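Engineer: attaching a predicted model along with its sequence, questions to come.
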Amino acid sequence: MELDDVINASGPYYKWALEQRKQYIDLRLRQDPEIRALYQQASQQITRQLRDLERRGYTQLSLQHLESLENQLSQASRTLNEQLTTKLDEYLELGVKAGAYTSERVTVEALKGANMSIQPYRSSVIRVNHDAVQAMWGRSINGLNLSDRIWKTSNNTKDHLSKIMREAMATGQSPLKTAELLQEYIRDGVKTVSGKYPELMSRVNPPRDLAYEALRLARTETTAAYGEGVIASAKTTPMVTGIQWLLSPSHPIYDVCDELAAKDTGLGPGIYRVDEVPVFPPHPNCLCTLVTVFEELDTFTNKLKEWLDDPSSHPEIEQWYQENAA
C-alpha cells in the first residue's frame, strides 16, 4: 500500500510525510470538479443566447446568429483562459507548499532543538517556494511555457464548440436543441450526446471529454509543482540524505516509473541524491510520489550544537546557515 511505503521511507518523520501526502491528495481531489465548473460557466452565456433565439421564434440558426454566437464564444474563451490561469497559479502554489512541508517541519524541529531562531529559515522557505512556483511558470514543454499551454487549451475549447454550432446550423437544428447538445456535451461528454445526435457528432468528431485537456494539464502541473517543492525544499537543509521515488499501487502498467522506483544509485532502491532526481513526473497523469529521506533528528541537532560552538566543525552547516538561516 502506498501509505505503508510512505511510512517506511520517511521513518521517524512519517507523521509529517503523511500530512504532506494528504495535502497533495486533497489538492488533486479539488481540481477536477473546479475545472469542470469553469467549463460549464464558459458555456452558459452561449446556451442562454441560443435559448433566447428560440423564445424569439427562430427555428434554426442563421449566419448572422452564428457570427454573434462565435463572438460570444471568443469572449468566453478569453474568460476561460483567465480563470484557468488563476486556478493553475493557485494549484502550483499549493502543490509546492505541500511538497516542501516535511522538510520545513523537520528543519524547524532541528533548529528548535539547538535553541536557534527559526524565523530566518521560515523567510527562506517562503522565498524558495516562490522561486519554485516561478520556475513552474517558466517550464517549457515542446517549446510552450505554461501560459502558452493554458491558452492552447482554452482556444481548442472554442474551436470544438464552434464546430458543433456550425454543424448544427448546417443541419437545421433548432437553437434550443443546440443549447441542450452543448450543455450535455460539456457536462457528460461525447458518449451521452452521440446517442441523440449520432450523425452530427460523428461529423464534428469532438474530444470524448471537452475538459480533459485542461484536467490533464492541471494534474500534470500540480504533480510537477509538488515534486519541485520536494526537491527545492530538500536543498534548503543539510539533513536530507536523499529523495525516494515511490511507485503508486494504482500504477496500471509497467513503464519508466517502475524502472525509476527500482533503480539503485548507491543509496538504496529508488533513492536519489537531491541534485540527481529524475524529471518528475515523467508522463501525464503520473501517480508516483517523492519522499524526502533525512538523517536522524538527534544526530543533526547535535551537529548544530557543535557548529554553534565551532563553525569550522561543520562547514556544510555553515554554508547552509549563511544561505538559508542567517
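Structural biologist: That came through fine.
Engineer: wait, what's in contact with residue 311?
Structural biologist: By Cβ atoms under 8 Å, 6 or more residues apart in numbering, residue 311 lies in contact with 317, 318. Using the backbone N, CA and C atoms, a C-beta is placed for each residue, glycine as well.
Engineer: phi, psi of residue 58?
Structural biologist: Dihedral pair for residue 58: phi -80, psi 130, per degrees, to the nearest 10.
Engineer: wait, isn't it in contact with residue 175?
Structural biologist: Yes. Applying Cβ atoms under 8 Å, one finds residue 58 in contact with residue 175, separated by 5.9 Å.
Engineer: which residues are common contacts for the two?
Structural biologist: Shared contacts of residue 58 and residue 175, counting by Cβ under 8 Å, 6+ apart, come down to residue 65.
Engineer: higher neighbour count, these two?
Structural biologist: In this view residue 58 and residue 175 are compared by other Cβ atoms under 10 Å, and residue 175 has more residues nearby, 25 against 15.
Engineer: now do the contacts for the more buried one.
Structural biologist: Residue 175 touches 50, 51, 53, 54, 58, 60, 61, 65, counting by Cβ under 8 Å, 6+ apart.
Engineer: so the second one belongs to a helix, correct?
Structural biologist: Yes. The assignment for residue 51, made by DSSP: H, G, I helix; E, B strand; the rest coil, places it in a helix.
Engineer: separation between it and residue 63?
Structural biologist: As judged by Cβ to Cβ, to the nearest Å, residue 51 and residue 63 stand 20 Å apart.
Engineer: more neighbours, those two?
Structural biologist: Applying other Cβ under 10 Å to residue 51 and residue 63 shows that residue 51 carries more neighbours, namely 15 against 9.
Engineer: give me the secondary structure label for the residue with the largest distance to the centre of the chain.
Structural biologist: The centre of the chain is farthest from one residue, residue 57, which by Cα atoms, centre = their mean lies 45.8 Å away. Put simply, residue 57 is coil when judged by three-state DSSP.
Engineer: do you know how far it is from residue 268?
Structural biologist: 74 Å.
Engineer: quick check on residue 118: phi, psi?
Structural biologist: The phi/psi pair for residue 118 (degrees, to the nearest 10) is phi -100, psi -10.
Engineer: so what does the residue farthest from the centre of the chain look like in phi/psi?
Structural biologist: phi 100, psi 0.
Engineer: what does residue 245 give?
Structural biologist: Per degrees, to the nearest 10, the backbone of residue 245 is at phi -90, psi 120.
Engineer: that one: neighbour count?
Structural biologist: 24.
Engineer: do residue 192 as well
Structural biologist: Neighbours around residue 192, by other Cβ under 10 Å: 12.
Engineer: equivalent analysis for residue 163, please.
Structural biologist: 14.
Engineer: for residue 112, same thing?
Structural biologist: 12.
Engineer: what's near enough to touch the nearest residue to it once chain neighbours are set aside?
Structural biologist: Distances taken as Cβ to Cβ, 6 or more residues apart in numbering place residue 118 nearest to residue 112, at 6.5 Å, with adjacent residues excluded. Applying Cβ under 8 Å, 6+ apart, we find residue 118 in contact with 108, 111, 112.
Engineer: I'd like these as JSON lines, with pLDDT and distance to residue 39 appended.
Structural biologist: As requested, the contacts of residue 118 are arranged in JSON lines below (pLDDT from 0 to 100; distance: Cβ to Cβ, whole Å):
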{"residue": "108", "pLDDT": "95", "distance to residue 39": "41"}
{"residue": "111", "pLDDT": "94", "distance to residue 39": "46"}
{"residue": "112", "pLDDT": "94", "distance to residue 39": "47"}
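Engineer: now the closest residue in space to residue 231 that isn't next to it in sequence: how far from residue 8?
Structural biologist: Leaving aside its sequence neighbours, residue 231 sits nearest to residue 277 (Cβ to Cβ, 6+ apart; 5.7 Å). Going from residue 277 to residue 8 by Cβ to Cβ gives 19 Å.
Engineer: so which of the two has more stuff around it?
Structural biologist: Taking neighbours as other Cβ under 10 Å, residue 277 and residue 8 compare with residue 277 leading, 19 against 12.
Engineer: go ahead and confirm the more buried one touches residue 235.
Structural biologist: No. Counting by Cβ under 8 Å, residue 277 stays clear of residue 235, with 10.7 Å between them.
Engineer: which parts of the stretch 201-326 of the chain are strands?
Structural biologist: Counting by DSSP state E, counting those that start in this stretch, one finds strands in the stretch 201-326 of the chain at the ranges 240-246, 271-272, 289-294.
Engineer: and the contacts of stretch 125-136?
Structural biologist: By Cβ under 8 Å, 6+ apart, stretch 125-136 touches 89, 92-93, 96-97, 100, 104, 146, 221, 224-225, 228-229, 232-233, 235-236.
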